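Trainee: after the sequence you'll find the predicted model.
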Amino acid sequence: MNAQPAPDLAEACAVTLDAPDDFAGWRETARRLLQLRVPPDRVVWSVAGEEAGDLFAASAFVPDAPTDAAPPRVPRRFLDLAGKGLLHSCPDRFALLYRLLWRLQDRPGLLEDAADRDVRSLDELVRTVRRDIHKMRAFLRFRAVSEEDGAEHYVAWFEPQHHILRASAAFFVNRFTTMRWAILTPQGSLHWDGEVLREGPPARREQAAGGDPAEALWKEYYAAIFNPARLKVGAMLKEMPRRYWKNMPEAELIPALIAGAQARESAMVERGAALFVGPRPASLAAVAEGIATCRRCAIGCNGTRAVAGEGSARAELMIVGEQPGDTEEPRGRPFIGPAGQVLRTRLKAAGIDPERAWLTNAVKHFKFEDRGTGKRRLHQNPTAREIDVCRWWVESERLLVRPRLILALGASAARSVLGRTVSVQSLRGKAMVLEDGAELWITIHPSYLLRLGEDARETEEQRFAADLGRAAARLRELAPGV
Ligand code: URA
């Protein structure tokens, strides 16, 4: 801790944050208080509009820190945990976080002490907030409402337990980019018009429409995907507590589906249709072994060699192509044929070392048309279903590598990462934030350049180089030193 004497504050310091999830405000004030050496028990924290009466006994002013004060020591992990924990609705959270920050100055290893009361409290806050975020992602249901202009618009009502609305915005924008929607909650609302996200005031349940054609479709879908072979009633109720059911159209189907589950399970086993849902591979080597024997789609069954991803297992950048080609398949390495050479050259020109990235493909086997002995096998595009089946492997790689930025080359790669088809031309060169915080950047597949005539090729090469340049600059921001 720095050696500055505590300022002579006769009263406690009152800090009023702008909003219940104002992490930036808390962080900035906590840093100043720390530099002023104001001990945790001399600070009263509150949120604008929710101030407690005894605040009036406190000084409303936190002076600036002395310019020569040493910067506080703040481990990255603490900031990550504090950012989540602050979203909890418990009124003591700001004080707890400041107390921990204060104590960390003398005990940098404090967070490793699982027996410490403050550390345990923070863990509990973070766990609860994460669960609330998960529930919102899983159980929020949009309903279609008709607008005067005839355009489709969707509205969802949700009651989060904690202050997670803003923190969840990127997930919903990313998942439902092409829809116009509003999420209404008692704490505030979010409105997305397909391009811009706006915040609005708290809402009441009656403002979200109930019952609509989309609801009927959703129920049909839910009944179809409800997998009786995986039904565990206790676990289901724990995972999907009854308090969420009232906003979920499919919930009214559950009792009947449970009742019929046994019979449906037997029927499913008879049909041999049980889906393969296995544990995630624990390593990239296990992914490579898994894809070598994967026969979950027709391409996997075509007798070719699977091509695993390669590169740095701790890469900050993951590059997803479409599928191995005629050159890659026999040698079992991605991006070593003509399109791969274009990619590697362009990456280097953009300042990205391909060896330090994780290079992989949306589809792990080569799909081709066989034109007879001695002829080069002709590449065929994978179908959406084939990409979706292989997606499980790409996700497994992503969970292991944990890249900060993913570069998707072409439409198949974009579908593999997002789970839906998007327009490469309209999304290229822009960032999309994924649910784990990684950024997705989409551009064309380099094989496209090889198919163009000379004139068009030059222009497109420049556009490709510009896309890579933007992604590379962003990567350097996200992961300095790459
Ligand atoms: N094209 C791809 O998408 N991936 C490869 O590995 C090679 C060419």
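Mentor: Received the coordinates, thanks. If you're wondering where the values come from, they're calculated on a predicted model, not measured in any experiment.
Trainee: quick one: which helix or strand includes the residue in the stretch 51-200 of the chain positioned nearest to the ligand?
Mentor: Nearest to the ligand in the stretch 51-200 of the chain, going by Cβ to the nearest ligand atom, is Asn174, at a distance of 23.4 Å. C-betas here are computed from N, CA, C, even on glycine. Using DSSP states H and E, the element containing Asn174 is helix 165-175.
Trainee: just checking, what packs against that helix?
Mentor: In terms of contacts (3 or more Cβ pairs under 8 Å, 6 or more residues apart in numbering; DSSP states H and E), helix 165-175 is packed against helix 117-139, strand 181-185, strand 188-192, strand 197-200, strand 431-433.
Trainee: before we move on, back to that, was I right to think the residue of the stretch 51-200 of the chain closest to the ligand contacts Val433?
Mentor: Yes: with contacts counted by Cβ atoms under 8 Å, Asn174 reaches Val433, the gap being 5.7 Å.
Trainee: deepest-packed of the helices and strands packed on helix 165-175, please.
Mentor: Most buried of the helices and strands packed on helix 165-175, by mean neighbour count (mean count of other Cβ atoms under 10 Å): strand 181-185, with a mean of 23.
Trainee: for the stretch 151-300 of the chain, which segments are assigned as helices?
Mentor: Assigned by DSSP state H, counting those that start in this stretch, the helices in the stretch 151-300 of the chain fall at 165-175, 213-225, 233-239, 254-259, 261-271, 284-292.
Trainee: if you average pLDDT over each of the ones you listed, which comes out lowest?
Mentor: Lowest mean pLDDT of the helices of the stretch 151-300 of the chain: helix 261-271, a mean of 49.
Trainee: distance-wise, check Phe368 relative to the ligand.
Mentor: Using Cβ to the nearest ligand atom, to the nearest Å, we find Phe368 at a distance of 12 Å from the ligand.
Trainee: rewinding a little: turn the helices and strands packed on helix 165-175 into CSV, columns for mean pLDDT and distance to the ligand.
Mentor: Output for the helices and strands packed on helix 165-175, formatted as CSV (pLDDT from 0 to 100; distance: least, Cβ to the nearest ligand atom, whole Å):
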stretch, mean pLDDT, distance to the ligand
helix 117-139, 94, 30
strand 181-185, 91, 33
strand 188-192, 91, 32
strand 197-200, 87, 33
strand 431-433, 90, 20
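Trainee: turn these into CSV, columns for distance to Ile406.
Mentor: Formatted as CSV, the helices and strands packed on helix 165-175 follow (distance: least, Cβ to Cβ, whole Å):
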stretch, distance to Ile406
helix 117-139, 19
strand 181-185, 24
strand 188-192, 22
strand 197-200, 22
strand 431-433, 9
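Trainee: for Leu86, which of those is the nearest?
Mentor: Smallest distance to Leu86 across the helices and strands packed on helix 165-175 (Cβ to Cβ): 8.2 Å, for helix 117-139.
Trainee: okay, that closest one in PDB with CA atoms only?
Mentor: C-alpha atoms of helix 117-139 as PDB (Å, rounded to 0.1, in the frame of the first residue of the first chain):
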ATOM      1  CA  ARG A 117     -14.800 -14.600   4.400                       C
ATOM      2  CA  ASP A 118     -14.600 -11.700   1.900                       C
ATOM      3  CA  VAL A 119     -13.200 -13.900  -0.800                       C
ATOM      4  CA  ARG A 120     -16.000 -16.400  -0.200                       C
ATOM      5  CA  SER A 121     -18.600 -13.700  -0.400                       C
ATOM      6  CA  LEU A 122     -17.300 -12.400  -3.700                       C
ATOM      7  CA  ASP A 123     -17.200 -15.900  -5.100                       C
ATOM      8  CA  GLU A 124     -20.900 -16.300  -4.100                       C
ATOM      9  CA  LEU A 125     -21.900 -13.000  -5.700                       C
ATOM     10  CA  VAL A 126     -20.100 -13.900  -8.900                       C
ATOM     11  CA  ARG A 127     -21.600 -17.400  -9.000                       C
ATOM     12  CA  THR A 128     -25.100 -16.000  -8.500                       C
ATOM     13  CA  VAL A 129     -24.800 -13.300 -11.100                       C
ATOM     14  CA  ARG A 130     -23.400 -15.800 -13.600                       C
ATOM     15  CA  ARG A 131     -26.400 -18.100 -13.000                       C
ATOM     16  CA  ASP A 132     -28.800 -15.100 -13.500                       C
ATOM     17  CA  ILE A 133     -27.100 -14.300 -16.800                       C
ATOM     18  CA  HIS A 134     -27.400 -17.900 -17.900                       C
ATOM     19  CA  LYS A 135     -31.100 -18.000 -16.900                       C
ATOM     20  CA  MET A 136     -31.800 -14.800 -18.900                       C
ATOM     21  CA  ARG A 137     -30.000 -16.200 -22.000                       C
ATOM     22  CA  ALA A 138     -31.800 -19.500 -21.700                       C
ATOM     23  CA  PHE A 139     -35.300 -18.500 -20.700                       C
END
